[in-house]
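A.B. asks: mind looking at a prediction? Sequence and model below.
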Amino acid sequence: MSTQVVLITGALTGIGRAAAIAFAKKGAKVVVSGRRDEAGQALVKELQALGSEAEFIHADVLKEDDLRDLVDKTVARFGRLDVAVNNAASEGAVGPITDQTPESFAATFDTNVLGVVLSMKHEVRAMQAQGSGNIINISSTYGHEGAAGASIYVGAKHAVEGITKSVALETAKSGIRVNAVAPGPTDTGMLTRFTGTAENKAALASQVPLGRLGLSEEVADGIVFIASDEARFITGHVLNVDGGHSAN
């Protein structure tokens, strides 16, 4: 794999952080973004210790100006943008549909859907100018299934997958591949908040055919693969990294 320039939103924890480390280990130049400057600088030092040229850029995916600057600063720093991983997300308000409000809907969809749309808008702009690129949106197996008590989150991830496929068709002739990676139950802070109790988390793990929760590092391996030359004929695809969960 030639040296890639990789941009990751929501890179400071969980799957985003694991992806940054995985790309750094492959020799990529990595730009990590998020809203916590101290954590971002600490991650940069960790990536640099792995031999990567790395930089943190503060960005909020709900602010288009931040995302425009994020992409432009990445290109200014490294000369191009080869891979963009849109990972920033929120589990939103977990609970039955009767508890949902316009505010809970907007909070979840703004981060999980609008944030992806605005990120892709500026990533595609940069990639079209150079005639190539890879965009990877982080979905969930709930992006093509249902889940009681998580209707708004599920709806948002369904939207991400539909948008991924549509933009893949829009950009294919520009040399840009657009795919999604859909983790199954993965042992992250988001899952801990989502399940609420250790018992609920264990019950979810028991539904995975491989008999355990996934690891962020395992999802990161899937992200690195779909961004690689080995996946060069794959676009408009949703890659499940889920221990067989979606095969149930």
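C.D. replies: Yep, it's here.

A.B. asks: residue contacts, residue 112?
C.D. replies: 89-90, 92, 153, 156-157, 159-160 (Cβ atoms under 8 Å, 6 or more residues apart in numbering). (Glycine included, C-beta is placed from N, CA and C.)

A.B. asks: residue 64 versus that one, what's the distance?
C.D. replies: 16 Å (Cβ to Cβ, to the nearest Å).

A.B. asks: next one: residue 194
C.D. replies: 28 Å.

A.B. asks: and residue 229, by the same measure?
C.D. replies: From residue 229 to residue 64 the distance is 32 Å (Cβ to Cβ).

A.B. asks: centroid residue for the protein?
C.D. replies: The chain has residue 87 as the residue nearest its centroid, 2.3 Å off, counting by Cα atoms, centre = their mean.

A.B. asks: that residue contacts residue 11, doesn't it?
C.D. replies: Yes - applying Cβ atoms under 8 Å as the test, residue 87 and residue 11 come out as touching, 6.7 Å apart.

A.B. asks: list residues touching both of these two?
C.D. replies: In contact with both residue 87 and residue 11: residue 19, using Cβ under 8 Å, 6+ apart.

A.B. asks: residue contacts, residue 245?
C.D. replies: Per Cβ under 8 Å, 6+ apart, neighbours of residue 245: 141, 184-185, 207-209.

A.B. asks: residue at max distance from the center of this structure?
C.D. replies: Farthest out in the chain is residue 98, which, by Cα atoms, centre = their mean, sits 29.1 Å from the centre.

A.B. asks: would you map the strands across the protein?
C.D. replies: 5-9, 29-34, 54-58, 83-86, 133-138, 176-183, 238-241 (DSSP state E).
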